[in-house]
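1. quick one, what's the 3D model for this:
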Amino acid sequence: MPTLDDSNHDSDQERTPYERSVATVASSKPSVPKDNAQPIVLSHEESAQLLRSIGELANAGLPLDAGLEALAEEISGSKLQRALRQIAVELRAGGNPLSENDLSLVRLPKYHRCILIAGIQSQRLGDALFELLDEDAWRRDYWRDLWAALSYPLLLALVTLLVVDLLNVVVMPIVQASFLQIYEDFQISTPFDVTIFQAPPVSWTAFFLLAAMAMLLVPMFLSAAQTAMLRRSVPLLGKIFWWYEVLDLIIKLRLLVAQRIPTPMALRVVGDALSSRRMAQLVPVWADEMDQGRTLGDVWVESMDIPSSILPLVRWGETTGNLPEAFQSVEALLKDRLALRRELIRKIGPPVITAVVLAALFWAAIRMIVLFLPLFDLIQNFM
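-> Numbers count the residues shown, from 1 in each chain. Predicted coordinates for the structure are as follows:
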């Protein structure tokens with residue numbers, strides 16, 4: 001059995017059948033069915049539902065073919081229903097379509113298929129699949145909680161912008177025109193230049209909407225490295241984007257390396273499953289460098305995309321042969337950092353937005369007071 005630090009340059013004869021299966025999935029492309037039947041290509045979400053169903057059946061010790069047929073009856077008119085029935089038919093026909101790509105019409109994402117093979121070969125199918133799905137659930141919950149932390153400040157900011165725009169674009173021009181006409185009719189001198197009120201109004205809501213659209217469109221014209229640097233430079237949220245990208249990589253690597261998949265092979269497999277374009281570009285480069293005899297810690301120490309604080313744990317894991325445990329410690333560290341940053345946003349978000357709201361209302365009040373000053377002077381002169 002290979003150690004955790006084995007690389008991909010071992011000959012095919014030195015690999016176990018399990019390693020050869022994973023290597024085949026990592027390097028092969030989906031084959032065309034011989035009978036011209038259309039393959040069933042599942043999305044990430046559909047594949048996750050399929051894996052959850054297989055994991056539940058495996059943990060319960062139930063036959064997969066009958067269990068999948070029963071689960072398919074509960075789903076109506078979907079691609080997932082056809083996939084469940086197709087796998088059940090293939091299982092009854094012999095072979096193992098779950099791990100042999102050429103035997104199945106059901107196409108899973110490469111990373112999910114490798115986890116599936118790893119669970120079958122290690123005889124921990126249910127545990128491996130549920131661990132994968134639990135990590136997906138954690139990430140969904142984290143982004144949901146982060147959005148909940150941001151939603152109130154953002155909603156308050158939006159309402160403030162709309163109120164200020166209502167005053168600036170609709171109310172203030174009418175009031176200004178009326179007062180300036182009164183001052184002109186009564187030939188009242190004003191302590192300010194009236195031309196400042198004749199400038200066209202500016203919509204702050206439109207300005208921020210254009211800025212948000214620019215932030216979404218600009219990355220389309222940037223490279224992956226430039227986009228990553230831009231995202232990481234966003235105040236407060238930049239660290240979240242960076243740590244999440246690294247956490248996504250660490251989790252997927254840990255799940256594969258824990259099943260005795262060599263690290264370079266695991267790096268190549270996770271490339272298609274990473275949410276970050278930058279990380280997806282880097283993992284095959286890192287795998288090639290490891291094939292040349294370098295350790296993962298030595299490769300990562302030269303990368304600006306990996307936090308230096310996690311390198312001691314990675315090196316410890318490689319030195320002691322406990323790389324999955326090291327990845328698990330790194331995962332816990334990054335999760336704690338993300339949780340702390342989320343709480344920081346939750347704590348300082350409302351006060352900051354409240355200060356902005358008060359500043360906007362103060363600005364509107366000052367404009368109104370300046371406009372009323374000549375009228376106050378006129379009233380005092382008549383009294």
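2. how many other residues sit next to the closest residue to residue 275 other than its chain neighbours?
-> Nearest residue to residue 275, sequence neighbours excluded (C-beta to C-beta, 6 or more residues apart in numbering): residue 248, at 5.4 Å. Where you see a C-beta, it was placed from the backbone N, CA and C, and this is true even at glycine. Per other C-beta atoms under 10 Å, the neighbour tally for residue 248 reads 19.
3. just checking, residue 248 is part of a strand?
-> No: under the criterion used here (DSSP: H, G, I helix; E, B strand; the rest coil), residue 248 is helix, not part of a strand.
4. does it touch residue 276 like I think?
-> Yes: using C-beta atoms under 8 Å, residue 248 is in contact with residue 276, at 6.8 Å.
5. quick one: contacts for residue 162?
-> Neighbouring residues of residue 162 by C-beta atoms under 8 Å, 6 or more residues apart in numbering: residue 205.
6. and with 6 Å instead?
-> Listed by C-beta atoms under 6 Å, 6 or more residues apart in numbering, the contact set of residue 162 is empty.
7. show the pLDDT at it.
-> Here, the pLDDT recorded for residue 162 equals 81.
8. how much space separates it from residue 318?
-> For residue 162, the distance to residue 318 equals 55 Å [C-beta to C-beta, to the nearest Å].
9. which residue ranges of the stretch 51-200 of the chain form helices?
-> Assigned by DSSP state H, counting those that start in this stretch, the stretch 51-200 of the chain shows helices spanning 64-73, 79-92, 110-122, 125-165, 172-185.
10. nearest to residue 325, out of those?
-> Residue 325 sits nearest to helix 125-165 of all the helices of the stretch 51-200 of the chain, at 14.3 Å, using C-beta to C-beta.
11. between the closest one and helix 64-73, how many degrees?
-> Orientation check (axes from the mean of the first three to the mean of the last three C-alpha atoms, to 10 degrees): helix 125-165 against helix 64-73 gives 30 degrees.
12. chain center to helix 125-165, what's the gap?
-> For helix 125-165, the gap between its own C-alpha mean and the chain's C-alpha mean amounts to 10 Å (C-alpha atoms, centre = their mean, to the nearest Å).
13. next, the residue nearest the centre of the chain: phi, psi?
-> Nearest to the geometric centre of the chain sits residue 275, at 5.9 Å (C-alpha atoms, centre = their mean). The phi and psi values for residue 275, taken as degrees, to the nearest 10, are phi -80, psi -20.
14. relative to residue 58, how far out is it?
-> 27 Å.
15. before we move on, what about residue 332?
-> As for residue 332, its distance to residue 58 is 27 Å (criterion: C-beta to C-beta).
16. settle it for me: which of those two has more neighbours?
-> Shown here are residue 332 and residue 58; by other C-beta under 10 Å, residue 58 has more neighbours (21 against 11).
17. that one reaches residue 127, doesn't it?
-> No: contact criterion C-beta atoms under 6 Å: residue 58 and residue 127 do not qualify, at 8.7 Å.
18. so what sits against both of the two?
-> With C-beta under 6 Å, 6+ apart, residue 58 and residue 127 have no common neighbours.
19. show the contacting residues for the closest residue to residue 56 other than its chain neighbours.
-> Take residue 56 and drop its neighbours on the chain: the residue closest to it by C-beta to C-beta, 6+ apart is residue 126, 7.5 Å away. With contacts defined as C-beta under 6 Å, 6+ apart, the neighbours of residue 126 are 55, 58-59.
20. using JSON lines, lay out those together with pLDDT and distance to residue 83.
-> Below are these laid out as JSON lines (pLDDT from 0 to 100; distance: C-beta to C-beta, whole Å):
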{"residue": "55", "pLDDT": "78", "distance to residue 83": "15"}
{"residue": "58", "pLDDT": "75", "distance to residue 83": "17"}
{"residue": "59", "pLDDT": "74", "distance to residue 83": "20"}
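21. which single one of the residues you listed is nearest to residue 360?
-> The nearest member of the contacts of residue 126 to residue 360, counting by C-beta to C-beta, is residue 55 at 52.0 Å.
22. from residue 336, how far out is the closest one?
-> From residue 55 over to residue 336 (counting by C-beta to C-beta), the distance is 27 Å.
23. neighbour count: those two, which is higher?
-> The neighbour count for residue 55 versus residue 336, taken as other C-beta under 10 Å, is higher for residue 55 (21 against 11).
24. roughly how far is the longest helix along the chain from the heart of the chain?
-> Longest helix of the chain, by residue count under DSSP state H: helix 323-382. In this view, helix 323-382 has its centroid 25 Å away from the chain centroid, taken as C-alpha atoms, centre = their mean.
25. repeat that for stretch 62-77.
-> 31 Å.
26. what does that stretch contact?
-> The contact list for stretch 62-77 (C-beta under 6 Å, 6+ apart) reads 53, 57, 81, 84-85, 87-88, 91-92.
27. rerun at 7 Å
-> Stretch 62-77 has contacts (C-beta atoms under 7 Å, 6 or more residues apart in numbering) with 53-54, 57, 81, 84-85, 87-88, 91-92.
28. ok, now which ones touch the spatially closest residue to residue 154 that is not a sequence neighbour?
-> Of all residues not flanking residue 154 in the chain, residue 353 sits nearest, at 7.9 Å (C-beta to C-beta, 6+ apart). Contacts for residue 353 (C-beta under 7 Å, 6+ apart) come out as 153, 156-157.
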